[in-house]
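Chemist: Give me a 3D structure for the following:
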Amino acid sequence: MLAKYSLSEEVAAGYVHLITYRNQTETAEELDVSRDTVNRYKNSFAEMSAEERLLLISAFAQDQLLDETTSEKQ
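Modeler: Alright, predicted model coming up:
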């Protein structure tokens, strides 16, 4: 699905995580990308169907939860 919108997994996951509590400029700085890139991701997410967004966001949330659970066990 990311390829359909020409998005990278790393930046998309970071975007989903950061944009919920940071503005576009702060998100760009945290991800070490330009504000234009963040804006492109915002527009791409807006183009997605609600189902596509939900699938993508839930997959990233699941990955983050698994990472946190794994690092707590170590």
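Chemist: so where's the protein uncertain?
Modeler: Counting by pLDDT under 70, the chain has no low-confidence residues at all.
Chemist: hey, where'd the helices end up in it?
Modeler: 9-18, 24-31, 35-47, 50-73 (DSSP state H).
Chemist: now those helices in TSV, with mean neighbour count?
Modeler: No exception for glycine: its C-beta is placed from N, CA and C like everyone else's. Formatted as TSV, the helices of the chain follow (neighbours: other CB atoms under 10 Å):
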stretch	mean neighbour count
helix 9-18	18
helix 24-31	16
helix 35-47	15
helix 50-73	11
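Chemist: Adding distance to Ala3, write those helices out as JSON lines.
Modeler: Formatted as JSON lines, those follow (distance: least, CB to CB, whole Å):
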{"stretch": "helix 9-18", "distance to Ala3": "10"}
{"stretch": "helix 24-31", "distance to Ala3": "19"}
{"stretch": "helix 35-47", "distance to Ala3": "11"}
{"stretch": "helix 50-73", "distance to Ala3": "12"}
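Chemist: how about those, which one is nearest Met1?
Modeler: Between Met1 and the helices of the chain, the tightest spacing by CB to CB is seen for helix 50-73, at 5.9 Å.
Chemist: so how far is that closest one off the chain centroid?
Modeler: Distance of helix 50-73 from its chain centroid, counting by CA atoms, centre = their mean, to the nearest Å, is 10 Å.
Chemist: go on, stretch 16-34?
Modeler: Its chain's C-alpha centre and that of stretch 16-34 lie 9 Å apart, by CA atoms, centre = their mean.
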